[in-house]
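*Asks:* Show me how the following folds:
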Amino acid sequence: MLNWAILSLFCPVSTFSDVQMNWQPVPYAIPLIIAAAISAVVALHYWQRRTTTGARQFALLMLAVSVWSLSYALELSSADLAAKLFWSKVEYVGIVTIPTMWLAFAIFTQPPAAEAEE
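*Replies:* Purely as a prediction, here's the structure:
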């Protein structure tokens, strides 16, 4: 039931049955897909080292960048409006997560106040 509620946020219920993803080749999508892949690899690398200070926040930041880049590439490559709207809403998840994770990364990697004064 919860999964259906989450899916209904991204796409209206009436369009689940008749959505067809028609793709068109767009050269702008290639650098975005490469950036998404690199960000995902960096996120995986730092997630494996999540015991290090700030590594977990940086991994989540890179994952959000990867979601944003990949969903934007898929939005550009979509041919019909329903698919573009769907990928736009998925893209929004990455967009709103990036500033939060950036702030969390900055807070967790900040040295303690005693060390900063020296």
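*Asks:* Could I get the full set of helices for this protein?
*Replies:* 2-10, 29-47, 55-77, 81-109, 113-117 (DSSP state H).
*Asks:* what about those, which gets the closest to Asn22?
*Replies:* Of all those, helix 81-109 sits nearest to Asn22, with 7.1 Å by CB to CB. The way it works is simple: take the backbone N, C-alpha and C, and place the C-beta from them, glycine included.
*Asks:* Taking helix 29-47 as reference, get the angle to the closest one.
*Replies:* When axes from the mean of the first three to the mean of the last three CA atoms, to 10 degrees is applied, the directions of helix 81-109 and helix 29-47 differ by 40 degrees.
*Asks:* what angle separates helix 81-109 from helix 55-77?
*Replies:* Using the same axes, to 10 degrees, one finds that helix 81-109 and helix 55-77 are set 160 degrees apart in direction.
*Asks:* Can you tell me, leaving aside adjacent residues, what's nearest to the spatially most central residue of the chain?
*Replies:* Against the mean C-alpha coordinate of the chain, by CA atoms, centre = their mean, the closest residue is Val67 at 2.4 Å. Sequence neighbours aside, Gly94 is the residue nearest to Val67 in space, at 3.6 Å (criterion: CB to CB, 6 or more residues apart in numbering).
*Asks:* returning to that earlier point: ranking the helices of the chain by burial, who's on top?
*Replies:* Mean neighbour count (mean count of other CB atoms under 10 Å) peaks for helix 55-77 among these, with a mean of 21.
*Asks:* and it, what does it pack onto?
*Replies:* Under the contact definition 3 or more CB pairs under 8 Å, 6 or more residues apart in numbering; DSSP states H and E, helix 55-77 sits against helix 29-47, helix 81-109.
*Asks:* For Trp23, find the nearest of the ones you listed.
*Replies:* With CB to CB as the yardstick, what comes closest out of the helices and strands packed on helix 55-77 is helix 81-109 (8.5 Å).
*Asks:* Thanks a lot, catch you later.
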